[in-house]
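**Q** Just a sequence and a predicted model for now, questions to come.
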Amino acid sequence: MKKILYSTLFAGLALLSGCTEDEDQVYMSANPVQPVLQLPENGEAYIISEASGENKLAFKWSDADFGAPTEITYKLQADKDGGDFSKPIELGETTNNFISLKSSAVNGILVRNDFEAEKPVIVLLRVTASISSNIAPITSEVIETSFTLYKLADPNDDGSRIYMVGAAVPAGWNPGDAVEMVNIAPNIYRATTTFAVDRFRFLGQKDWSPVSYNFPFFTGKVDNNFENARQADREDGDENLWFKGTPGEYTITVDLNTQSIILDAAHTDDNSRIYIVGAGVPDAGWDPGKAVEMVNIAPNVYQTVTEFAIDRFRFLEQKDWGPTSYNFPFFNGGVSSNLENARQADREDGDENLWFKGTAGKHIITVDLENKTVEIY
């Protein structure tokens, strides 16, 4: 296999710490030593499957040397075969000369960057080293590897997972059996499982450490079926979450961005759909043929995760303007505080669409046509 070599010019030959002649000066080498990727080796091949998603991939390189003792930030980057790293794909960042990444996370990043799944594909890898935003980074030589990736069931799935463990869920307190929550959008996870009246918590991995989330972490909107497990009638020093609702099967959605938890009674999709269209949902715009689909999650209740912009939108019952659509006045049961009637003094909107006035970005939206409500998290 060919080995593609890149050289990076080192901009800025010296850093001066101070301005007076009496102060010490720290000089940087005009010929810094580049890092060298040691693991994987050039030409190495990887096969990633869903079953191996929790396995770690190890990457290691030699230390860069800028000619003076200073903390160095390394970035592991990827590109496609024949690429020049003009738009590098970031796989990880560290101040060490090594990094371990979940194979599911690497798979998700590559698939979402249009690397083909289910066949060996060439992935170019390199490491950059930097000490300051004012000094150009230095880079390792590029190595060529082969990855066989797996398809993501959901295009929004980045391959990351969180887990539930505790007496309230079927896993009990064994992290090896923890209930898996699937990624549905950046830092948003969902699972359907049974709950009993008892305590549980979330883990960032199928182990107790390093990452876990207890009740105090969730400072956003938390479904009222949950409370802090530390109460006067039950000691819980870990402040786990306590499920206090009716035991049964539920769909739970956790948003780590807003630190919120949504709970819905489990429901078999009846295959009905509604759609969102308008400038407020950039993926659709005003083309009903591109309207964002909302999936049925309960009788007359629909949900999706999509990008929102500060602008107007409405709901359709079909991917066409007629016969049925829903505007702001329809939802007299209540709407989220980040929504308002698009018909305002400073903007004319004769159709009285809904106006999104929250923070632009991806959000979970739930529409209840029976109770005529709209919630956005």
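**A** It's in. Residues are numbered from 1 along each chain as shown.
**Q** can you list the domains in the chain?
**A** What automatic domain parsing lists as the domains of the chain is 37-148, 161-265, 273-376.
**Q** Name the nearest residue to Phe129, ignoring sequence neighbours.
**A** Just to correct that, residue 129 is Ala rather than Phe. Spatial nearest neighbour of Ala129, excluding adjacent residues (C-beta to C-beta, 6 or more residues apart in numbering): Ala64 at 3.6 Å. Bear in mind the C-beta positions are built from the backbone N, C-alpha and C, glycine included.
**Q** circling back to that earlier point, now tabulate the domains of the chain in TSV and tack on mean neighbour count, distance to Ala30 and mean pLDDT.
**A** Listed next are those as TSV, based on neighbours: other C-beta atoms under 10 Å; distance: least, C-beta to C-beta, whole Å; pLDDT from 0 to 100:
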stretch	mean neighbour count	distance to Ala30	mean pLDDT
domain 37-148	16	8	91
domain 161-265	17	40	94
domain 273-376	17	44	95
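**Q** For Asp154, which of those is the nearest?
**A** Closest of the domains of the chain to Asp154 is domain 161-265, at 6.3 Å (criterion: C-beta to C-beta).
**Q** need the strands for the stretch 201-350 of the chain, in chain order.
**A** 212-213, 226-228, 241-243, 248-255, 260-265, 273-277, 292-298, 301-308, 312-316, 325-326, 334-335, 339-341 (DSSP state E, counting those that start in this stretch).
**Q** what about the last one, distance to the chain center?
**A** I take that to be strand 339-341. Offset of strand 339-341 from its chain centre (C-alpha atoms, centre = their mean, to the nearest Å): 27 Å.
**Q** for stretch 163-178, same thing?
**A** Counting by C-alpha atoms, centre = their mean, stretch 163-178 is centred 23 Å from the centre of its parent chain.
**Q** Now do it: distance from first to last residue.
**A** End-to-end distance of stretch 163-178 (C-alpha to C-alpha, to the nearest Å): 6 Å.
**Q** again, but for stretch 108-119
**A** Span of stretch 108-119 from end to end, C-alpha to C-alpha: 15 Å.
**Q** Tell me which residues are up against it.
**A** With contact meaning C-beta atoms under 8 Å, 6 or more residues apart in numbering, stretch 108-119 is reached by 78, 80, 89, 91, 121, 123, 147-152, 155, 157-160, 183.
**Q** Same question for stretch 198-215.
**A** 54, 162-169, 175-176, 178, 181, 226-230, 236, 238-243, 254, 256.
**Q** Can you give me the first-to-last residue distance of that stretch?
**A** Note: stretch 198-215 ends 13 Å apart using C-alpha to C-alpha.
**Q** sorry, back to before: which stretch among the strands of the stretch 201-350 of the chain comes nearest Ala129?
**A** strand 212-213 (32.5 Å).
**Q** Quick check: which element contains Gln38?
**A** Applying DSSP states H and E as the criterion places Gln38 in strand 37-39.
**Q** Could you tell me how far the helix or strand just after that strand lies from the centre of the chain?
**A** Downstream of strand 37-39, the next assigned helix or strand under DSSP H and E is strand 45-47. When distances are taken as C-alpha atoms, centre = their mean, strand 45-47 is centred 24 Å away from the chain's centroid.
**Q** cool, and stretch 52-66?
**A** That offset, for stretch 52-66, works out to 21 Å (C-alpha atoms, centre = their mean).
**Q** Give me the contacts around the host helix or strand of Ile364.
**A** Using DSSP H and E, the element containing Ile364 is strand 361-368. Defining contact as C-beta under 8 Å, 6+ apart, one finds that strand 361-368 is touched by 185-186, 188, 253, 255, 262, 274, 276, 294, 297, 300-308, 315, 326, 333, 373-377.
**Q** Repeat the analysis, applying 6 Å as the threshold.
**A** Contacts to strand 361-368, defined as C-beta atoms under 6 Å, 6 or more residues apart in numbering, come from residues Ala185, Val301, Tyr302, Gln303, Val305, Glu307, Phe308, Val374, Glu375, Ile376, Tyr377.
**Q** Show me what the fourth one is bridged to.
**A** When bridges are assigned using DSSP bridges, the partners listed for Gln303 are Val295, Thr366.
**Q** Would you check that it makes contact with Ile297?
**A** Yes - if you go by C-beta atoms under 6 Å, Gln303 and Ile297 touch, sitting 4.8 Å apart.
**Q** re earlier: let me know the distance separating the residue nearest to Ala129 from Ala78.
**A** Going from Ala64 to Ala78 by C-beta to C-beta, to the nearest Å gives 19 Å.
**Q** on that earlier part again, and the residue nearest to Ala129, what does it touch?
**A** Counted by C-beta under 6 Å, 6+ apart, Ala64 has contacts Pro35, Ile72, Ala129, Ile138.
**Q** excluding its backbone neighbours, what's nearest the most centrally placed residue in the chain?
**A** In the chain, the residue lying closest to the centroid (C-alpha atoms, centre = their mean) is Pro186, at 2.2 Å. Take Pro186 and drop its neighbours on the chain: the residue closest to it by C-beta to C-beta, 6+ apart is Lys362, 6.2 Å away.
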